[in-house]
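Asks: need a 3D model of the sequence below.
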Amino acid sequence: MPTGSVPGAVPAGFSRSFLIEIVCPMVASFDRVASTKPFGFRALPLVLVLLAGLAGCDDKNVYAPPPPEEVSVARPLVQDVPRYIEVTGATAAYQSVNLVARVPGTLVSIDYQDGKPVEAGQKLFTIDPAQYKAQVDQAEAAVAQAEAGLDNAEATFGRQTQLDAKAVISQSQVDSARASRDSARAQLASAKASLEIARLNLGYTEISAPFDGVVSAHLADIGAYVGQGGPTTLASIVRFKPIYANFTISETDMLRVREKIRDKIRSSGGERPRLQDILVEAGTQLESGYPHQGRLDYIAPGVDPQTGTLAVRAIFDNDDIAFLPGTFVRLRIPFETVKAALLLPDAAIGTDQQGRYVLVLGEDDVVHQRAVEIEPGPPGFQAIVGGLKADESVVVGGLGRARPEAKVKPLVVTLDVKSSGTN
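Replies: Have a look, this model is predicted:
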């Protein structure tokens, strides 16, 4: 054997496929010939060399299937799951008004900062009050004059009455004194009304916040003449603590809400619940789930015949100012509870042209595709309401490695709603 050769190795210049396909049959023929003819013995050294390189002539290419893919499987969680009416809506201010100049005059001060919160009664604008103070003084003087005239008319009427009792004067003189007294009373009432109007106009020179809220940017600057020819809008004030959420629901959803109300009536012994007892949950576009809780506040008395929907309004405390007026919101109203629903993670639910399905672990660890019916469940989960049993195991992890009707290597895990996954 040459130096460095290895037993069973293929001699140089020969490929293994060549030896297997050509030489191996020759060796078999040699076995038959060597048993009958001397040639076989003369060729024995060469054959031995070939046999040394053909230790693998009897090897066969046998297909070995790959091992089963490892996947995570779990039984569905069994839990009561509330069902919801899910809609979209928009928020609206609880109160919103325009602040206007109700009397003409020059704007002399702006007493707030644009866009900042203010309290009810806080002064926001001031119109030059000098003219209106003078009008109040004038009206007060007119009242004093009318009071003096009334005192004189009443005294005159009193004297005329005494003289009439003594038959000193005629009845016409008494009647004239009575008319003068009544006229003085009317003049005093008119003067007092004029004084009240003057005081009101003086009060209108200060524009104050009618409620707690946020005031917009001012629309008139100091020195501007406002209120001429009609009210002039100076700014607007908005209150959004609490805040409304307006939306519509279908006639079918309305019937579900009414059924929930009837259930509450039956469970409470006939006491009719208030709208405020019906919970409404909300979330913004950037929030996960529905973290804000409010209450129903209003349901329209009739269905819109053109759309088949009802206008509905909810109210939220909005103490954290999560919503601003005009914000798009997602809303849901719980209306019933599905008892003993089967929960599976979102990732365990597949979709094809026939609908939703899951991969169920069968006998001998072979997975089978199963069509299921689902309802929304807790965050990260779906509620299976048809097509699956509680004691069946479902592939919940490694779905990309699991093929229908293929064998897998299952790794049993435990589902946990709190973590929206597996343990």
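Asks: surely Val338 forms part of a strand?
Replies: Yes: counting by DSSP: H, G, I helix; E, B strand; the rest coil, Val338 is part of a strand.
Asks: who's in contact with the closest residue to it other than its chain neighbours?
Replies: Distances taken as Cβ to Cβ, 6 or more residues apart in numbering place Val81 nearest to Val338, at 4.8 Å, with adjacent residues excluded. C-beta coordinates here come from the backbone N, C-alpha and C atoms, glycine included. By Cβ atoms under 8 Å, 6 or more residues apart in numbering, Val81 lies in contact with 337-338, 341, 343, 375, 377-378, 383.
Asks: buried among these? Make that a ChimeraX selection.
Replies: Remark: buried members of those, expressed as a ChimeraX selection using 16 or more other Cβ atoms under 10 Å:
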select :341,343,377,378,383
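Asks: of the contacts of Val81, which pair is most distant in space?
Replies: Thr337 and Leu343 (13.6 Å; Cβ to Cβ).
Asks: all helices of the stretch 51-200 of the chain, in order?
Replies: Along the stretch 51-200 of the chain, counting by DSSP state H, counting those that start in this stretch, helices occupy 130-165, 171-203.
Asks: can those go into JSON lines with extra columns for mean pLDDT, mean neighbour count and distance to Ala64?
Replies: Converted to JSON lines, the helices of the stretch 51-200 of the chain look like this (pLDDT from 0 to 100; neighbours: other Cβ atoms under 10 Å; distance: least, Cβ to Cβ, whole Å):
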{"stretch": "helix 130-165", "mean pLDDT": "88", "mean neighbour count": "15", "distance to Ala64": "103"}
{"stretch": "helix 171-203", "mean pLDDT": "90", "mean neighbour count": "16", "distance to Ala64": "98"}
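Asks: out of those, which gets nearest to Ile333?
Replies: helix 171-203 (45.9 Å).
Asks: name the residues that touch the helix or strand following the closest one?
Replies: Using DSSP states H and E, the helix or strand that directly follows helix 171-203 along the chain is strand 206-208. Residues from elsewhere that reach strand 206-208 (Cβ under 8 Å, 6+ apart): 99-101, 121-127, 129, 234.
Asks: in PyMOL, select just the buried ones from those.
Replies: Here the buried members of those are turned into a PyMOL selection, burial being counted by 16+ other Cβ under 10 Å:
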select buried, resi 99+100+101+124+125+126+127+129+234
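Asks: Arg332 touches Thr88, doesn't it?
Replies: No: using Cβ atoms under 8 Å, Arg332 makes no contact with Thr88, being 10.1 Å away.
Asks: so between these two, which is more surrounded?
Replies: Ranked by neighbour count (other Cβ atoms under 10 Å), Arg332 and Thr88 place Arg332 first, with 19 against 12.
Asks: do you know the pLDDT at the residue most central in space within the chain?
Replies: Closest residue to the average C-alpha location of the chain: Gly283 at 2.2 Å, with Cα atoms, centre = their mean. As predicted, Gly283 sits at a pLDDT of 94.
Asks: run through the bridge partners of it.
Replies: Arg330 (DSSP bridges).
Asks: quick one, phi/psi of Ser250?
Replies: With angles defined as degrees, to the nearest 10, Ser250 sits at phi -70, psi 170.
Asks: actually Met254, sorry about that
Replies: Dihedral angles for Met254 - degrees, to the nearest 10 - are phi -60, psi -40.
Asks: cool, and Gly289?
Replies: Torsion angles, degrees, to the nearest 10, at Gly289: phi 70, psi -150.
Asks: domain-wise, how is this structure divided?
Replies: 1-64, 71-77+340-422, 84-91+239-338, 97-237 (automatic domain parsing).
Asks: ok, of the ones you listed, where does mean pLDDT dip lowest?
Replies: domain 1-64 has the lowest average pLDDT among these, namely a mean of 52.
Asks: that older thread, you'd agree the residue nearest to the centre of the chain is up against Thr327?
Replies: No: Gly283 lies out of contact with Thr327 (Cβ under 8 Å); the separation is 10.8 Å.
Asks: and of the helices of the stretch 51-200 of the chain, who's closest to Gln113?
Replies: So among the helices of the stretch 51-200 of the chain, helix 171-203 is nearest, using Cβ to Cβ, at 23.7 Å.
Asks: rewinding a little: please name the residues that touch the residue nearest to the centre of the chain.
Replies: 289-292, 329-330.
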